[in-house]
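1. what shape does this take:
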Amino acid sequence: MTRLIFLGPPGAGKGTQAQVLANLLNIPHISTGDILRDNVVRQSDLGLKAQSYMDQGELVPDQLILDMIQARLSQGDTATGWILDGFPRNVAQAGFLDELLTKINSSYDHVISLEVPDEVLVERLLKRLRKDDTEEVIRHRLAVYHAQTAPLISFYRDRQQLVSVNGNQPMEAVTNALQAAVKV
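-> Numbering: from 1, shown residues only. A predicted model of the protein is given here:
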């Protein structure tokens, strides 16, 4: 059984690598963005609550995201493991997640941090050619990531749960490094 938390800045490839690893391990890749969108589309109670915040241009509260994660982790396909991608984003959320996992008698094996230099990330994200991916917006998103996640990375490193992987190499090499890190 493998249970992992993936961290990484925008453009590091964490979603792609989490999906590749999930397929290799035959476990679900749980993206908080996907969970949120799924709940909204299905108009679940949680999705309707989340939609009301999003309609007002507000962030969905941590507790609501945590409730969605708890519901997702209680589904049968997570019995053999999971990869959580996009949560936690800060130390407070990490604390909430620890409490949730204790409550449902679960834990995680490793926290994987994909490390990629900012200049490489800017270059990668500009190549996506999305309307909202201007250099200014990308640099702002990276600044927010570093402000919120740097303490989170230290939090997990201090607990000796962090595995850093060089994400600035060809995709296959990153996948191989991840497999070695989690001993697949």
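2. show me where the chain has helices.
-> 14-25, 32-42, 45-55, 62-73, 91-103, 118-127, 135-158, 171-182 (DSSP state H).
3. which among those is found nearest to residue 109?
-> With Cβ to Cβ as the criterion, residue 109 lies closest to helix 171-182 of these, at 7.1 Å. All C-beta spots, glycine's among them, are computed from the backbone N, C-alpha and C.
4. which strands and helices lie in contact with the closest one?
-> Packing partners of helix 171-182 (3 or more Cβ pairs under 8 Å, 6 or more residues apart in numbering; DSSP states H and E): helix 14-25, strand 110-115, strand 162-166.
5. circling back to that earlier point, switch the helices of the chain over to CSV; also include distance to residue 84, mean pLDDT and mean neighbour count.
-> Converted to CSV, the helices of the chain look like this (distance: least, Cβ to Cβ, whole Å; pLDDT from 0 to 100; neighbours: other Cβ atoms under 10 Å):
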stretch, distance to residue 84, mean pLDDT, mean neighbour count
helix 14-25, 9, 96, 18
helix 32-42, 8, 91, 16
helix 45-55, 17, 91, 15
helix 62-73, 7, 92, 18
helix 91-103, 8, 94, 15
helix 118-127, 21, 96, 16
helix 135-158, 13, 93, 15
helix 171-182, 14, 96, 16
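6. wait, which of these is closest to residue 81?
-> helix 14-25 (6.3 Å).
7. just the angle between the closest one and strand 162-166, please?
-> 110 degrees (axes from the mean of the first three to the mean of the last three Cα atoms, to 10 degrees).
8. now what about helix 14-25, what contacts it?
-> 2, 4, 6-8, 28-29, 31, 81, 83, 85, 112, 114, 167, 171, 174-175, 178-179, 182, 184 (Cβ atoms under 8 Å, 6 or more residues apart in numbering).
9. ChimeraX command for the buried members of these?
-> In ChimeraX, this line selects whichever of the contacts of helix 14-25 come out buried by 16 or more other Cβ atoms under 10 Å:
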select :2,4,6,7,8,28,29,31,81,83,85,112,114,167,174,175,178,182
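10. correct me, but residue 53 touches residue 61?
-> Yes - with contact defined as Cβ atoms under 8 Å, residue 53 counts as touching residue 61 (6.9 Å).
11. what sits against residue 71?
-> With contacts defined as Cβ under 8 Å, 6+ apart, the neighbours of residue 71 are residue 46.
12. returning to that earlier point: out of the helices and strands packed on helix 171-182, nearest to residue 141?
-> Here helix 14-25 is closest among the helices and strands packed on helix 171-182 (Cβ to Cβ), at 13.9 Å.
13. how about the chain, which residue sits the furthest from its center?
-> The C-alpha centroid of the chain is most remote from residue 56, which lies 24.4 Å away (Cα atoms, centre = their mean).
14. would you mind giving the helices and strands packed on helix 171-182 as a markdown table with distance to residue 76 added?
-> What follows is those, written out as a markdown table (distance: least, Cβ to Cβ, whole Å):
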| stretch | distance to residue 76 |
| --- | --- |
| helix 14-25 | 16 |
| strand 110-115 | 23 |
| strand 162-166 | 28 |
